[in-house]
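K.L.:
what shape does this take:
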Amino acid sequence: MATRLNPYLRFDGSAREAMEFYHSVFGGELRMNTFGEFGLQDTPQAEQIMHAQLETDAGYTIMASDTPPGMGYHPGDTITVSLSGDDEVLREYFTKLAEGGKVGTPLEKQMWGDEYGDLTDRFGVRWLVNLVGQG
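P.N.:
Okay, here's the model as predicted:
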């Protein structure tokens, strides 16, 4: 798998509706998982989207989620750049992007089996890095 750069959109409870709309516009394959599927089944957010991914017919990917519990939602601050793949260079990208920035989640193995980390770079841009099948 080559390294990919994808937009990651964040919503305040409307991720399912938004991604179904984008699916109707762009076609392709849409996959969605809820917070309830990953341990938050007894919360008000259980049916909200933890992660959605649309592989469009045009060959690009749009990802999205609802705002996780405990994280503020601020319109205008709702897009993150996602780097994903199995290329070890992603570790280097994460380290370099973190210089002068703030790491939210260190790059480490997660419950879904991949290594994942997120950060805000020194320019205020949010980044997610996901190493598929690592750890």
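K.L.:
three-state assignment of the residue lying farthest from the centre of the chain?
P.N.:
Most distant residue from the mean C-alpha position of the chain: residue 42, 22.6 Å away (CA atoms, centre = their mean). Secondary structure, DSSP: H, G, I helix; E, B strand; the rest coil: residue 42 is coil.
K.L.:
same check, this time on residue 17
P.N.:
Classification of residue 17 using three-state DSSP returns helix.
K.L.:
quick check: bridge partners of the closest residue to residue 64 other than its chain neighbours?
P.N.:
Nearest in space to residue 64, with sequence neighbours left out and distances taken as CB to CB, 6 or more residues apart in numbering, is residue 9 at 4.3 Å. Any C-beta I mention is one placed from the backbone N, CA and C, and that applies to glycine too. In this entry, residue 9 is beta-bridged to residue 64, residue 79, by DSSP bridges.
K.L.:
run a quick neighbour tally on residue 9.
P.N.:
Applying other CB atoms under 10 Å, we find 16 other residues in the vicinity of residue 9.
K.L.:
separation between it and residue 52?
P.N.:
9 Å (CB to CB, to the nearest Å).
K.L.:
go on, residue 11?
P.N.:
Taking CB to CB as the measure, residue 11 and residue 52 are separated by 9 Å.
K.L.:
now the common contact residues for these two.
P.N.:
Shared contacts of residue 11 and residue 52, defined by CB atoms under 8 Å, 6 or more residues apart in numbering, are found at 64, 65.
K.L.:
report the residue spans of the chain with pLDDT below the cut-off.
P.N.:
Where the chain drops to pLDDT under 70, the residues are 1, 76, 134-135.
K.L.:
which parts of it are helices?
P.N.:
15-26, 89-98 (DSSP state H).
K.L.:
on that earlier part again, which residues touch the residue nearest to residue 64?
P.N.:
Going by CB under 8 Å, 6+ apart, residue 9 touches 15, 18, 62, 63, 64, 65, 78, 79.
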